[in-house]
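Asks: predicted model and sequence below, questions to follow.
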Amino acid sequence: MEFQSISQLKLLLDDNKISVKEIAQTYIKKIKEKKDLNIFIYFNEDKIYDQVKLIEKISNDNSLKGIPIAVKDLFCTKNMPTTAGSKILENFNPTYESFVTQKLINQGSMFVGKTNLDEFAMGSATNTSYFGDTINPLSNEGSPLAPGGSSGGSAAAVAADLCLGATGTDTGGSIRQPASFCGVVGIKPTYGICSRWGIVAFASSLDQAGIFSKNVTDASILLKEMAGHDLRDSTSSNVKIPNFSENLNIDLKGKKIGIPKEYTIDGISDEINEVWEQAIKSLEQKGAIIEHISLPHTKYALPTYYIIAPAEASSNLARYDGVKYGHRAENAKSLDDMYELTRSEGFGKEVKRRILIGTYVLSAGYYDAYYLKAQKVRKLIADDFVKAFKECDLILTPTAPSAAFPLNEKQDDPIKMYLNDVFTVPASLAGIPGISIPYGKDKNGLPLGIQLLSKHFNEQEIFNAAFALEKDYE
Amino acid sequence: MSNLIKGKHHDWETVIGLEIHAQVKSNSKLFSSSSTTFGSNPNSQVSLVDAAMPGMLPVINKYCIEQAVKTGVGLNAKINKYSIFDRKNYFYADLPQGYQISQYKYPIIGEGKVTIDFKDGSSKEIRIVRLHLEQDAGKSLHDQNPTKTYVDLNRSGVALMEIVSEPDLRNADEAGLYISKIRSILMYLDTCDGNMQEGSLRADVNISVRKPGDEYGTRCEIKNLNSIKFIKQAINYEVKRQIEVLEDGGSIEQNTLLFNTSTGKTKPMRSKEEAHDYRYFPDPDLLPLEIDQEEIDNIKKLIPELPDERKKRYVDEYNLSNYDASVLTSDKAISDYFDSVIKSDFSLKASSKIVVNWITSELFSILNENNLEIINSPIKPKDLGKLVKLINEDIISGKIAKEVLIEMFNTTSDPQIIIDKKGLKQVTNTDEIEAFVDEVIEENKKMVEQYLSGKDKLLGFFVGQSMKKSKGKANPQILNEIIKKKLSKKN
């Protein structure tokens, strides 16, 4: 049994054609069948049935009643452990529920499990997790592909039909790139629209919660429920959240779509550029006006990101010291010894690499040359978008420089891995919203994604254009 | 120049700057809603934020910001409308986040100044560089178990104001006066409880010595001193140490020192190799702090009369000396008591100096003996005022007044009632006094002869004996005059 959308499942539930328990049974079965893909870090049938009992009692007016949702294991959850994909939090059971997951619970959604991710969300292939690699459900037997990352588990969960929506976080592309790799919809909304309270921090000024779904409408339903102002997060925005799904408007007449010339880069396959071309043509046919624009500081985005994100991470991850919770090394001879052993044992290679980079760029004598300069460049990149959105309503680009790559590729070449974020990082630095929707396939039949960006808090227009483009493949 | 220290070859000048850490008086912490009550059970006042649980975020406590701005106004300092909270990164067991949230490049308060007053009536202005807000760390308890260290996070996240002075202080006494002054300003403002024993106010002292006129010497920093006495001791020891090192041909190594209160010596806290690189950077969890003029103006309206204004009032209106006024105003509770005494009867204004003396000598000694603070004095200001008035009006002598004060302390009654009840009213009737004197002269003829033959000192004897006969109630001036008159007649 496969359900195509939230509204379809909701209708069946409202008409008593399916019960919450039957929904649970259906998805539990699917998850068990796909166990080999290693999508979930935590999956426990009993915990799902516990929820069923509660959900059965609530009114059908709750917009997400009984909707199966997978949760990236970076969101702290009260009833399931939270690991951030790291040994250092292997047995960590939060006593609190993150803002985002609480909001989803409040609407009656059913959490099917906690999904795998790159350790502390650092990676682009879900292959840095302490709990093993996740396999892209679209892989052919014997040649496993990466689901992208860091929210690879969540993207894969939606792609494998193990849920109807999955939470993700996006710091430099961690929702949009895996969405592209797995052929699902993934939106990173405006920075500040979803509270970060209760999300294990990677890079505070960039981290933003978002959602994966099978289609644009579901993404718009889910985002509305996840977003909102939170006094416990000083960077949370106090804006009214529109009813995105009710407002969905397919009419793009007169909308100006910006095509940034800097996103045509060497080494990108023709297939990617062709898909981009097709999407441009489609938008034009739908009445949109194409504007060729420039985002001149784009080429500095990756190096800027790889200074700011590790800098913040090096400080954010200092709390994992073995003193209060999480892994603590045994047999340490002194406090310093305890720190060294705990963190050496508890963190993986990529996390260590980024902590080292971050520590370096913040250290005395290097701060001005790296961190401070990166902050200045970040401002220039943000200004590029501000200027661009005076000329256009939306910007259309490819999501990722390639389709899903084999799982073991790029393992030992961090720079190559970092290049995955080339199209997604600029929007992260600017804090603007971006969506990736599947749009066409490469010669191997693997999905390719295109990305739509807009100015702050303009998710509605993104959904509208994505909704229109989505029709091309229905 | 009294500030110079005589050396082997030339004089030395001491240069001192202070960093005062004052705990903000607030019911909750700087970035969380946990309580700040002192002395609670370990780890009973710790929120998820204070314990740095994953995904927890700091939220600025607005009240602490107001308290800092209030303090800035009290220190005659510039209020910065834009300031930034930074992370100061270092590892320690009682620092749960692995960083302390502090303010580095953009503090909430900029340059200010305070005045310190000396006994000789002169004053000196001490410049303040800045005041910034920061979180306190928790506490490591090393003495609970031979092999373990325990951590108490109750203090973790409590708001501190760090007040940094320019190196304008030149000796231990000035440093003592400066910290007293800051403490009194904070207490007047009610932005810090000033309790040094509980650690609400502590100081790091930066010290160097130089040949007068030279550039500043290399400084050492003595950390975490929590009493004015220790601050002075530490400075005096360290100055002597530095001069000795330099005079023996050595050089001072910049270092962080700890003061051992039992040996009275300073010793290095950590070596140079262990020096921290704190990797300060703006905390991305917090937006820059912006304060508008209206908020500042509203806070200014809350500022009470401060020590310097009060001191000026005492000098201008009550004719007190600058030094007396500064001593009196240095402790708000004492100064408040004094104000209440004068307010109870404005005619006492003319006797301000006498009121001050009665408070600082007699009242203090009786309170000290009974271990009481002036706030809890059983003798109410208006009654002390009445007592002074009774002295002024020659109803009782000063000596009798001291007895009355003790009775006031014990019974909390009105001095007039005590005097009436005990018949302590002064005798000013010359006839009565003459009778006492006559008796004494009659009983001590030999002494009278000796006095008349030139032993002037015996006058005191006659005064004492006559006073005794009056049971201390005779008016001393009248008594004196009568004795002199009577004895001279004998001649």
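Replies: Nice, thanks for sending it over. Note that the structure is a prediction, hence the values are computed from the model and not measured.

Asks: residues touching the spatially closest residue to A:Asn91 that is not a sequence neighbour, list them.
Replies: Counting by C-beta to C-beta, 6 or more residues apart in numbering or on different chains, A:Asn91 lies nearest to A:Pro81, which is 6.8 Å off, once chain neighbours are set aside. From N, CA and C alone the C-beta is placed, and that goes for glycine too. Taking C-beta atoms under 8 Å, 6 or more residues apart in numbering or on different chains as the contact definition, A:Pro81 lies against A:Tyr42, A:Asn91, A:Phe92, A:Asn93, A:Pro94, A:Lys114.

Asks: would A:Pro81 count as being in a strand?
Replies: No - counting by DSSP: H, G, I helix; E, B strand; the rest coil, A:Pro81 is located in no strand; its state is coil.

Asks: could the contacts of A:Pro81 go into TSV alongside pLDDT and secondary structure?
Replies: Listed next are these as TSV, based on pLDDT from 0 to 100; DSSP: H, G, I helix; E, B strand; the rest coil:
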residue	pLDDT	secondary structure
A:Tyr42	98	strand
A:Asn91	92	coil
A:Phe92	97	coil
A:Asn93	97	coil
A:Pro94	98	coil
A:Lys114	98	strand
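
Asks: assumed B:Val404 was part of a strand.
Replies: No - using three-state DSSP, the secondary structure at B:Val404 is helix, not a strand.

Asks: quick check: the residue nearest to B:Gly121 when sequence neighbours are not counted vs B:Phe364, distance?
Replies: Nearest non-adjacent residue to B:Gly121, counting by C-beta to C-beta, 6+ apart: B:Asn322, 5.1 Å away. Using C-beta to C-beta, to the nearest Å, B:Asn322 is found at 21 Å from B:Phe364.

Asks: so what's the residue count around B:Thr115?
Replies: By other C-beta atoms under 10 Å in any protein chain shown, the residues close to B:Thr115 number 16.

Asks: and for B:Ser453?
Replies: 7.

Asks: repeat that for B:Leu306.
Replies: Using other C-beta under 10 Å, B:Leu306 has 19 neighbouring residues.

Asks: what does B:Leu133 give?
Replies: There are 26 residues near B:Leu133, going by other C-beta under 10 Å.

Asks: using PDB, write out every CA atom in the helix or strand it falls within.
Replies: Using DSSP states H and E, the element containing B:Leu133 is strand B:123-135. The C-alpha coordinates for strand B:123-135 follow below in PDB (Å, rounded to 0.1, in the frame of the first residue of the first chain):
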ATOM      1  CA  SER B 123      40.300  63.800  45.900                       C
ATOM      2  CA  LYS B 124      41.400  61.900  42.800                       C
ATOM      3  CA  GLU B 125      39.600  60.900  39.700                       C
ATOM      4  CA  ILE B 126      39.900  57.200  38.600                       C
ATOM      5  CA  ARG B 127      39.100  56.500  34.900                       C
ATOM      6  CA  ILE B 128      37.000  53.500  34.000                       C
ATOM      7  CA  VAL B 129      37.800  51.900  30.600                       C
ATOM      8  CA  ARG B 130      34.600  49.800  30.300                       C
ATOM      9  CA  LEU B 131      32.000  47.700  31.900                       C
ATOM     10  CA  HIS B 132      30.800  44.500  30.200                       C
ATOM     11  CA  LEU B 133      28.400  41.800  31.000                       C
ATOM     12  CA  GLU B 134      29.400  38.100  31.100                       C
ATOM     13  CA  GLN B 135      28.300  34.800  32.500                       C
END
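
Asks: the very next helix or strand once past that strand and chain A in contact?
Replies: Counting by DSSP H and E, the next helix or strand C-terminal to strand B:123-135 is strand B:139-141. No - if you take C-beta under 8 Å from any C-beta of the partner chain as the test, strand B:139-141 misses chain A, and the best it gets is 9.0 Å.

Asks: tell me what strand B:139-141 is packed against?
Replies: In terms of contacts (3 or more C-beta pairs under 8 Å, 6 or more residues apart in numbering or on different chains; DSSP states H and E), strand B:139-141 is packed against strand B:150-152.

Asks: who does the strand it packs on pair up with?
Replies: strand B:139-141 (antiparallel) (DSSP bridges).

Asks: higher neighbour count, B:Asn322 and B:Phe364?
Replies: Using other C-beta under 10 Å as the criterion, B:Asn322 and B:Phe364 rank with B:Asn322 on top: 18 against 14.

Asks: surely the more buried one meets B:Asp308?
Replies: No - with contacts counted by C-beta atoms under 8 Å, B:Asn322 stays clear of B:Asp308, the gap being 10.9 Å.
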